[in-house]
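>>> Next comes the sequence, and after it the predicted model I'd like to discuss.
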Amino acid sequence: MRLPAMSNFVNSTCRCILLIGVLLIAASRSLAQQPGETIHVAVYEGDGVSRTVTEVLKDLQTDDTIEVARISTDQILKDELGSFEVIMFAGGSGSKQANSLGADGREKVRRFVRDGGGYVGICAGAYLASADYDWSLNILDAKVLDRKHWARGFGDVELSVHSTGRDSLALPAERTTVYYHQGPLLAPAGKPELDDYEEWASFATEVTKDGVPGGVMSGKTAIAAGRFGAGRVLAISPHPERTAGLDSVVPAAVHWAAQQADRSDLVIFQQGDLPIVISAPHGGTLRFPGVEARKGEGLKGGGAGFRALRDGGTEELALEVARQLAARMNGKPSFTISRVHRRYIDFNRPANIAVESEKTRVVYDQYHAELDAAVRAVREKHPTGLLIDIHGQGASASTVFRGTKNGLTVSGIKSQGGEQYVTGSKSLLAFLKGRGWKVHPDPFDGKEQSGYTGGYIVQTYGSHQPHGIDAIQLEFGADYRKAAVRVRVAQELADSIAEYFEHLQSLKPKLK
């Protein structure tokens, strides 16, 4: 993600589920690439691939753990990508490569990456990976800046390389000179369905030819790393394979792309010390190794039934909310957040709908065990508490829906402080609306939106239950889940929660 502080926050505060790795040893390509294992790389050949691909092949052949083969569109359409860990698209023309692949070929590549394959794109391949053209693969949350002047020139440029880029690509220094030939200037696209990329390097200098305005290139992303489903994506705008002394960069890129997220990281959780618990069950993108997607045979669909669509951007939003709360309230909230795709597990449903295998049932049980422990800890240590269950909805992009089963799951605060804390001026919705949010219901005492009145999690852990706490489901429209506004949204939600708890200080009785 393009939030290094967020990564540090998660790494330093989360305990990850250790049980899962034991269950998944038998999975093949879906496990992380082990050191010393052969990595099978498919290098695309077709229209739009320039002769610089020979330099890519030469660099790859210097690494005896990499086995390289060329792959055509016909082979991709015949599903021969399944024999490889990584696909690479070299320089040339991104649009011509896309047209050569065709719509079906592009979808095959997308599926390959989503299911755990790695992608490395250099120059044209970086254009192809972006989410900016109608022919793009849309596997990296990146747009291309100054598209009008894409043919801006060529020559050596200096990159400002961040530590992750240096470590992952074996780049020699914070400032590295590399050959550039009209590659993309990347920036976050803000697509809610895609994960934010992490910038590994930016342009420190620029090249321009006559007729191309200057002052545009410097500071823009040159190397971007991201995740698409269970796979990794690396977009490199310049040409390390055409730069003396950087012949190890392309092999290093392949090694990084061949790795996958640690399978013990399908759910992340933290037990904090604030009276706040955050849940985000539907934002994950990862494939569950060795398990087929749920089919839902014989199950009803709809609001409380079988669904497999993910709530894009909610995993990242939940983590950012946790970070903002920690900064404001002098403590850490608890959280339980899914990183596995909803196709495999639905944590906001009872088990008979949520899972269809013993392996996924173990992870489902772990998610709820952690959530239950967090809720019980709040009851034991604090006079009142709040569970926020974060979701995404497609009914209204500009609206956030409240779900409490029309007040049932916040029975505790209603009995202690009255309706003012649920539907009045001291309610969470009131504080959100005061910050310019469009909320529903409004007026706050109106009926909650059908289909979004509160699901399994708030019904299981709400304060109407003997061991529950006040629980509110928040369904965010797409406008609130875009990467470009995520930090602001998280700040405003954290500020509203903090303000809500300031008003609760006058309520002293312990929860029973």
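Sure, I can see it. Note that the structure is a prediction, hence the values are computed from the model and not measured.
>>> The closest residue to Thr384 other than its chain neighbours: how many residues sit nearby?
For Thr384, the nearest residue in space outside its immediate sequence neighbours is Leu504; the separation is 5.6 Å by C-beta to C-beta, 6 or more residues apart in numbering. Yep, even glycine has a C-beta here, placed from its N, CA and C like the rest. Applying other C-beta atoms under 10 Å, we find 21 other residues in the vicinity of Leu504.
>>> show me the contacts for Leu504.
With contacts defined as C-beta atoms under 8 Å, 6 or more residues apart in numbering, Leu504 is in contact with 384, 413, 417, 421.
>>> Domains in the chain, by residue range?
The chain breaks down into these structural domains: 33-258, 263-504 (assignment by automatic domain parsing).
>>> Adding mean pLDDT, write these out as CSV.
Written out in CSV, the entries for the domains of the chain read as follows (pLDDT from 0 to 100):
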stretch, mean pLDDT
domain 33-258, 91
domain 263-504, 94
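>>> just to revisit the earlier point, which one of the contacts of Leu504 sits closest to Val212?
Sorting the contacts of Leu504 by distance to Val212 puts Tyr421 at the head of the list, at 59.0 Å, by C-beta to C-beta.
>>> isn't the closest one right up against His503?
Yes. Look at Tyr421 against His503 with C-beta atoms under 8 Å: they come within range, at 7.3 Å.
>>> Which residue of those two possesses the greater neighbour count?
In terms of neighbours (other C-beta under 10 Å), Tyr421 is the more surrounded of Tyr421 and His503; the figures are 23 against 16.
>>> which non-adjacent residue is nearest the more buried one?
Here the nearest residue to Tyr421 in space, its sequence neighbours aside, is Ile413; by C-beta to C-beta, 6+ apart that works out to 4.6 Å.
>>> check contacts around that neighbour.
Contacts for Ile413 were tallied using C-beta under 8 Å, 6+ apart; they are 384, 421-422, 463, 470, 504, 507.
>>> Write the PyMOL selection for whichever of the residues you listed are buried.
This is how PyMOL selects the buried members of the contacts of Ile413, with burial counted by 16 or more other C-beta atoms under 10 Å:
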select buried, resi 384+421+422+463+470+504
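>>> on that earlier part again, where does the residue nearest to Thr384 fall, phi/psi-wise?
Here the main-chain torsion angles of Leu504 (degrees, to the nearest 10) amount to phi -70, psi -10.
>>> again with Phe401
phi -90, psi 140.
>>> What of the one 10 residues further on?
As for Ser411, its main-chain torsions (degrees, to the nearest 10) stand at phi -60, psi -30.
>>> What count of nearby residues applies to it?
The number of residues packed around Ser411, counting by other C-beta under 10 Å, is 19.
>>> That one contacts His464, correct?
Yes. Contact status for Ser411 versus His464: in contact at 4.4 Å, counting by C-beta under 8 Å.
>>> now the helices for the stretch 301-450 of the chain?
Counting by DSSP state H, counting those that start in this stretch, the segments of the stretch 301-450 of the chain that form helices are 314-329, 351-354, 358-381, 411-417, 428-434.
>>> Now do the longest one: distance to the chain's middle.
Meaning helix 358-381. The gap between where helix 358-381 is centred and where its chain is centred comes out at 22 Å by C-alpha atoms, centre = their mean, to the nearest Å.
>>> And for stretch 299-315?
Computed by C-alpha atoms, centre = their mean, the separation of stretch 299-315 from the middle of its chain amounts to 17 Å.
>>> likewise stretch 414-424?
36 Å.
>>> who touches it?
Contact partners of stretch 414-424, identified using C-beta under 8 Å, 6+ apart, comprise 384, 404, 407, 410, 413, 426-427, 429-430, 443-445, 500, 503-504, 507, 509.
>>> Which positions within it qualify as buried?
By neighbour count, with 16+ other C-beta under 10 Å as the criterion, the buried positions of stretch 414-424 are 414, 416-417, 421-423.
>>> farthest-separated two in those residues?
Gln416 and Thr423 (14.8 Å).
>>> Now the helix or strand containing Ile497 - C-alpha only, PDB.
Taking DSSP states H and E as the definition, Ile497 sits inside helix 486-504. Output of helix 486-504 as PDB, limited to C-alpha atoms (Å, rounded to 0.1, in the frame of the first residue of the first chain):
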ATOM      1  CA  ARG A 486      -9.500   7.200   2.600                       C
ATOM      2  CA  VAL A 487      -7.300   9.000   5.100                       C
ATOM      3  CA  ARG A 488      -9.700  12.000   5.300                       C
ATOM      4  CA  VAL A 489     -12.700   9.600   5.800                       C
ATOM      5  CA  ALA A 490     -10.800   7.700   8.500                       C
ATOM      6  CA  GLN A 491      -9.800  10.900  10.300                       C
ATOM      7  CA  GLU A 492     -13.400  12.100  10.300                       C
ATOM      8  CA  LEU A 493     -14.700   8.800  11.500                       C
ATOM      9  CA  ALA A 494     -12.100   8.600  14.200                       C
ATOM     10  CA  ASP A 495     -12.900  12.200  15.300                       C
ATOM     11  CA  SER A 496     -16.600  11.400  15.400                       C
ATOM     12  CA  ILE A 497     -16.000   8.200  17.500                       C
ATOM     13  CA  ALA A 498     -13.700  10.200  19.900                       C
ATOM     14  CA  GLU A 499     -16.400  12.900  20.200                       C
ATOM     15  CA  TYR A 500     -19.000  10.200  20.900                       C
ATOM     16  CA  PHE A 501     -16.900   8.800  23.700                       C
ATOM     17  CA  GLU A 502     -16.400  12.300  25.200                       C
ATOM     18  CA  HIS A 503     -20.100  12.500  25.700                       C
ATOM     19  CA  LEU A 504     -20.200   9.000  27.200                       C
END
